[in-house]
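Engineer: Make a model of this:
(one chain, ligands or ions: 1)
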Amino acid sequence: MYKLKIISSTVRPGRKGPMIAGWIKDVAEKSGAFEVEVLDLGEINLPLMNEPLHPIMQQYEHEYTKQWAAKIDEADAFIFVTAEYDYSYPASLKNAIEYLMHEWAYKPAGIVSYSLGPFAGVRAVQSLKADLISLRVVGLAEMVNIPSLTQFVNDDGIFTPNEILSKSADMMLTQLLRWTKGMKLIKEEAFDNVAV
Ligand SMILES: Cc1cc2nc3c(=O)[nH]c(=O)nc-3n(C[C@H](O)[C@H](O)[C@H](O)COP(=O)(O)O)c2cc1C
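Structural biologist: Model prediction:
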């Protein structure tokens with residue numbers, strides 16, 4: 001089984017991210033191909049990037065960085081669950097990304113975005129994908145975009161997707177497995193032959 005880390009990006013009290021991450025975790029587990037773990041940045045609670053050395057050196061001073069690096073390093077694939085904050089993705093995710101470099105490289109990522117508004121977080125996705133390129137993370141074309149989030153959440157805080165969202169999630173997971181297999185080969189070759 002491939003190791004899939006679902007990164008829930010928002011950190012504010014009352015955030016909806018873990019609810020969405022919990023849903024996509026269930027979908028991923030049902031696919032049968034992944035050993036899945038949710039990494040909630042709100043719980044991990046990384047301070048603003050404060051490592052003295054560039055992450056390319058992988059000489060981390062802080063214990064929380066070592067733990068974060070170990071979690072990302074063991075991943076074969078990611079799903080980023082991101083809200084849209086001010087037409088982009090949250091600063092908490094940018095911060096968590098910046099802490100590391102090699103640990104991200106040559107792995108695929110699905111993205112699940114959501115927002116209160118009708119645009120479903122697609123502007124956050126575009127910003128995130130642009131930044132993932134520098135880390136050699138491949139952001140998949142297939143993704144899940146949840147518009148007007150409150151329409152899918154009942155009074156008890158239970159998220160219920162419609163058919164379009166469920167189908168999008170299945171398609172993304174199918175493609176994520178495909179890319180995970182391929183990227184494993186690319187990753188082995190990259191780390192065998194060249195310093196990245
Ligand atoms: C700081 C901030 C900025 C936001 N900016 C946008 C935005 O640009 N577009 C949008 O549709 N919703 C925006 N929202 C609404 C969020 O998409 C919505 O509150 C969502 O639940 C936030 O994710 P979270 O609950 O996991 O923090 C914003 C919310 C916050 C707190």
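
Engineer: three-state assignment of the residue nearest to the spatial centre of the chain?
Structural biologist: When Cα atoms, centre = their mean is applied to the chain, the residue found nearest the centroid is Phe80 (2.0 Å). Going by DSSP: H, G, I helix; E, B strand; the rest coil, the secondary structure assigned to Phe80 is strand.

Engineer: ok now do it, which residues does it touch?
Structural biologist: Phe80 makes contact with Ile7, Ser9, Tyr89, Leu93, Ala109, Gly110, Ile111, Val112, Leu128 under the criterion Cβ atoms under 8 Å, 6 or more residues apart in numbering. Just so you know, the C-beta spots here come from the backbone N, C-alpha and C atoms, and that holds for glycine as well.

Engineer: and the end-to-end length of stretch 140-151?
Structural biologist: Start-to-end span of stretch 140-151 (Cα to Cα, to the nearest Å) is 26 Å.

Engineer: which residues sit against stretch 123-136?
Structural biologist: Residues outside stretch 123-136 that contact it (Cβ under 8 Å, 6+ apart) are 80, 82-85, 87-90, 93-94, 97, 101, 104-106, 109, 111, 113, 115, 138-139, 143, 145, 196.

Engineer: and Lys66, how many neighbours?
Structural biologist: 12 (other Cβ atoms under 10 Å).

Engineer: for Met171, same thing?
Structural biologist: Taking other Cβ under 10 Å as the criterion, the count of residues near Met171 is 16.

Engineer: Contact residues of this structure facing the ligand?
Structural biologist: Taking Cβ under 6 Å from any ligand atom as the criterion, the chain approaches the ligand at residues 10, 12, 15-17, 83-87, 115-117, 119, 149.

Engineer: Only the buried subset of these, as a ChimeraX command please.
Structural biologist: Applying 16 or more other Cβ atoms under 10 Å to the residues of the chain next to the ligand, the buried members can be selected in ChimeraX as follows:
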select :10,15,16,17,83,84,85,115,119,149
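
Engineer: And the furthest pair within the residues of the chain next to the ligand?
Structural biologist: Farthest-apart pair in these is Arg12 and Phe119; separation 20.0 Å (Cβ to Cβ).

Engineer: Can you list the buried residues in the longest helix along the chain?
Structural biologist: Counting residues, the longest helix found in the chain (DSSP state H) is helix 163-193. Within helix 163-193, the residues that count as buried by 16+ other Cβ under 10 Å are 165, 168-169, 171-173, 175-177, 179-180, 183-184, 187, 190.

Engineer: just to revisit the earlier point, just the ones in helices from the contacts of stretch 123-136, please.
Structural biologist: Among the contacts of stretch 123-136, the members found in helices (DSSP H) are Leu93, Lys94, Ile97.
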